[in-house]
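1. the following block contains a protein sequence and its predicted model.
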Amino acid sequence: MPTSPVLELRKIEKAYFGTRVLKGVELSLHAGEIHALLGENGAGKSTLMNVLFGMPVIRETGGFSGEVLLEGKPVSIRSPKEAMKLGIGMVHQEFMLIPGFEVHENIKLNREPLLGLPVRRVLGRSLDLLDIARMRRESRESLARIKLEVSERALVADLPVGHMQFVEIAREVDKGDVRVLVFDEPTAVLTESEAETLLGVMRDLADRGIAILFITHRLDEVMSAADTVTILRDGELVSCSRKDETSIPEIAERMVGRDVSTEARTGAGHAPSADHEPILIVEDLRVEMPGEEVRGVDFTVEKGEILGIGGLAGQGKIGIANGIMGLAPATGRVAVAGEELRLNSPKDALGRGLAFVSEDRRGVGLLLDESVEMNIAIPAIEIHGRFLRAPFLGPFAPVDRGGVRRHAKEAIADLDIRTTGPTQVVRRLSGGNQQKVCLARALVLEPRLLLVSEPTRGIDVGAKELILDRLRKLNREHGLTILMTSSELGELRSLCHRVAIISEGRIAGILTPDDPDVQYGLLMSGGTL
């Protein structure tokens, strides 16, 4: 590995409204290196990347101090466009794709090759046409380079979320002149097999001399793929070491400042109903959710049970909870505590004691421009008339602001939501803290059945531990029944009494946490036991 780094960040300092969020952070990245950048949500990773990419929020809030060097020379990056011109690319955690465009159109966006028409000598480039054939050809080559078998003419809106992530990567790879590539939680939306493929793609890119900065919360991936590990905590550099000089427990402890057990705990603590009383019965459920279609599933959840839903991306596991909650068109029969649930009606689902923590926290789970306290309270206000001074006035009833704030403060303390206070706008929170607000928002309904979908996607190890422990506690101490969907088998096996594996929109089989790994692998790959 060359001794001279391709990218250096020196003594980076940044404050927002008097609060220091970066405190002299330093980082060096070499060509051909995979450098993991770790830290809890709120540790400063996103702000550091905003500095690197010249995001407007940095300039609009007073700038930063310190230096950014590229190939040993100081550079002033004042916009993402300038970063891209310098050969710095980024694969974002939140997709930067246009759903209504085809794959090749997204890959070539703002870099479209043109057909030079003869009239351009007179009228300029305004009459040039897009070279569609070349766009498609080069997009196919980029997709093949990252091992994604999808048509370049497919509509992005019809792709599973895992494939969307690979399209993001193909777009960066297609640029050709990229020297530094930042992966921001690239595997957060991927299944284990897809994540393995992506890590292989990252290694191929590094072998071609591209310097990779890898932001992730999955510590096993760090040990598998990274060369170097840098850890931030509370805006400060905690450590920078070679991967073979550290371990997962040590990394976790440095990230959170306390000893964190990373070993899975097998099984939930609360036993299901002794008489096997069903609380949820699902028969022939079919859900039309793009990329996650459900083609007829039957299962029963017993009172007090945690039932897991697992499977590969695009196989239908995400569609089940969305269909039950009325967020995707569904047919079939669903009964809750013996009463028929009216499908395609979120209000009916909430009114019958169901609550949902969506996998899409920004698009479905939260009102991003509302405060923390109102995000938590609104479901209870609308469904149960809670936090109203005169509920009999219906929609004209005034909100009990004091009650809303008191409850929000209790939830903030209970879930360790890192916020400046109940009035902070949710958009300003880190991903892990937004997820905690989503959980608080569901729990305020005091549900008898909680549906959670990808509850730890894209959040750090500390927040992940807290959320999973909270779910265990709700089940163990309060007997709450939970239907949990996750792409991480280890997570499901650590928490659930049973795990249903979905393949091609159907249940391939239902296993216990103690069943052999080979059985899980066989069902997920489309086989049978």
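-> Cool, got the structure. Numbering: from 1, shown residues only.
2. distance of Glu105 from Leu115?
-> Look at Glu105 and Leu115: by C-beta to C-beta, to the nearest Å, they are 16 Å apart. All C-beta atoms are positioned from the backbone trio N, CA, C, and that covers glycine.
3. which stretches of the stretch 151-300 of the chain have low pLDDT?
-> Judged against pLDDT under 70, the low-scoring parts of the stretch 151-300 of the chain cover residues 188-189, 256-275.
4. quick one: the helices in it?
-> 161-174, 192-207, 219-225, 248-256 (DSSP state H, counting those that start in this stretch).
5. can you give the contact residues for the last one?
-> Read it as helix 248-256. Counting by C-beta atoms under 8 Å, 6 or more residues apart in numbering, the neighbours of helix 248-256 from elsewhere in the structure are 38-40, 43, 219-220, 222-223, 229, 231, 233, 238-239, 259-260, 262, 460-462.
6. for the second one, same thing?
-> Contacts made with helix 192-207 from outside it, assessed by C-beta under 8 Å, 6+ apart, are listed as 32-34, 145-147, 162, 165-166, 169, 173, 181, 183, 186-187, 190, 212, 214, 218, 221, 224-225, 312-313, 487-489, 524.
7. so which bits of it are buried?
-> When burial is assessed from 16 or more other C-beta atoms under 10 Å, helix 192-207 yields the following buried residues: Glu192, Glu194, Ala195, Thr197, Leu198, Leu199, Val201, Met202, Leu205, Ala206.
8. do the same with stretch 456-467
-> Within stretch 456-467, the residues scored as buried using 16+ other C-beta under 10 Å are Thr456, Arg457, Gly458, Ile459, Asp460, Val461, Gly462, Ala463, Lys464, Glu465, Leu466, Ile467.
9. can you lay out these as CSV showing secondary structure?
-> Output for the buried residues of stretch 456-467, formatted as CSV (DSSP: H, G, I helix; E, B strand; the rest coil):
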residue, secondary structure
Thr456, coil
Arg457, coil
Gly458, coil
Ile459, coil
Asp460, coil
Val461, helix
Gly462, helix
Ala463, helix
Lys464, helix
Glu465, helix
Leu466, helix
Ile467, helix
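10. out of the residues you listed, the closest to Pro74 would be?
-> Asp460 (31.6 Å; C-beta to C-beta).
11. verify the stated contact: the closest one with Thr216.
-> No. Distance between Asp460 and Thr216: 9.5 Å, which falls outside the contact criterion (C-beta atoms under 8 Å).
12. is Ala408 in contact with Glu373, as I believe?
-> Yes. The pair formed by Ala408 and Glu373 meets the contact definition of C-beta under 8 Å, at 3.6 Å.
13. what touches both of the two?
-> Among the neighbours of Ala408, those also in contact with Glu373 (C-beta under 8 Å, 6+ apart) are Pro422.
14. my guess is Val91 meets Asp184, correct?
-> Yes. Between Val91 and Asp184 there is a contact at 6.4 Å, judged by C-beta under 8 Å.
15. who's more crowded, the two?
-> Higher neighbour count among Val91 and Asp184: Val91, with 25 against 20, using other C-beta atoms under 10 Å.
16. and the more buried one, what are its phi and psi?
-> In terms of degrees, to the nearest 10, the main-chain angles of Val91 are phi -100, psi 110.
17. which residues touch the residue nearest to Ser487 when sequence neighbours are not counted?
-> The spatial neighbour of Ser487 that comes closest, neighbours along the chain excluded (C-beta to C-beta, 6 or more residues apart in numbering), is Thr191 at 4.8 Å. Neighbouring residues of Thr191 by C-beta under 8 Å, 6+ apart: Gly162, Gly311, Leu312, Ala313, Ser487.
18. leaving out the residues flanking it, which one is nearest to the first one?
-> The shortest distance from Gly162 to any non-neighbouring residue, by C-beta to C-beta, 6+ apart, is to Ala313 (3.5 Å).
19. do a quick rundown of the helices in the stretch 401-529 of the chain.
-> 401-415, 431-443, 461-478, 489-495, 517-524.
20. nearest approach to Lys243 belongs to which of those?
-> When the helices of the stretch 401-529 of the chain are compared for distance to Lys243 using C-beta to C-beta, the nearest one is helix 461-478, at 16.5 Å.
21. now the angle between helix 248-256 and that closest one, please.
-> Between helix 461-478 and helix 248-256, the angle formed by their directions is 90 degrees, by axes from the mean of the first three to the mean of the last three C-alpha atoms, to 10 degrees.
22. by contact count, what packs against helix 461-478?
-> Taking 3 or more C-beta pairs under 8 Å, 6 or more residues apart in numbering; DSSP states H and E as the contact definition, the neighbouring helices and strands of helix 461-478 are helix 248-256, helix 401-415, helix 431-443, strand 481-485, helix 489-495.
23. the shortest one pairs with which strands?
-> Neighbouring strands of strand 481-485 in its sheet, by DSSP bridges, are strand 306-311 (parallel), strand 449-453 (parallel).
24. pipe those strands into CSV and attach mean pLDDT, mean neighbour count and distance to Ile248 per row.
-> Output for the strands paired with strand 481-485, formatted as CSV (pLDDT from 0 to 100; neighbours: other C-beta atoms under 10 Å; distance: least, C-beta to C-beta, whole Å):
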stretch, mean pLDDT, mean neighbour count, distance to Ile248
strand 306-311, 94, 26, 23
strand 449-453, 96, 24, 25
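25. and of the ones you listed, who's closest to Ser345?
-> Between Ser345 and the strands paired with strand 481-485, the shortest separation by C-beta to C-beta is 15.0 Å, and it involves strand 449-453.
26. run the chain-centre distance for that closest one.
-> Chain-centre distance of strand 449-453: 17 Å, with C-alpha atoms, centre = their mean, to the nearest Å.
27. in stretch 54-68, which residues are buried?
-> Neighbour counts using 16+ other C-beta under 10 Å place Gly54, Met55, Ile58, Phe64, Val68 of stretch 54-68 among the buried residues.
28. quickly check those for the two that are furthest apart.
-> For the buried residues of stretch 54-68, with distances taken as C-beta to C-beta, the pair at the greatest spread is Met55 and Val68 (12.9 Å).
29. next, the contact list for Ala440, please.
-> Ile376, Ala408, Ala411, Ile412, Asp414, Leu415, Ile417.
30. rerun at 7 Å
-> Counting by C-beta atoms under 7 Å, 6 or more residues apart in numbering, Ala440 makes contact with Ile376, Ala411, Leu415.
31. ok, the last one to Ala43 distance?
-> In this structure, Leu415 and Ala43 are 18 Å apart, going by C-beta to C-beta.
32. where along the stretch 251-400 of the chain do the strands fall?
-> Along the stretch 251-400 of the chain, the stretches classed as strands by DSSP state E, counting those that start in this stretch are 278-287, 294-302, 306-311, 330-336, 339-340, 354-357.
33. any chance of those strands in TSV, plus distance to Leu529?
-> Shown next, in TSV, are the strands of the stretch 251-400 of the chain (distance: least, C-beta to C-beta, whole Å):
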stretch	distance to Leu529
strand 278-287	21
strand 294-302	16
strand 306-311	15
strand 330-336	25
strand 339-340	33
strand 354-357	31
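34. re the thing from before, Glu105 and Leu115: who's more crowded?
-> When Glu105 is set against Leu115 and neighbours are counted by other C-beta under 10 Å, the residue ahead is Glu105, at 21 against 12.
35. does anything pack onto the host helix or strand of the more buried one? Which helices or strands?
-> Secondary structure from DSSP states H and E places Glu105 in helix 103-107. Packing contacts for helix 103-107, counted by 3 or more C-beta pairs under 7 Å, 6 or more residues apart in numbering; DSSP states H and E, involve helix 132-145, helix 161-174.
36. rounded mean pLDDT for the next helix or strand after that helix, please.
-> Taking DSSP H and E as the definition, the helix or strand that follows helix 103-107 towards the C-terminus is strand 114-115. Model confidence over strand 114-115 averages 79 on the pLDDT scale.
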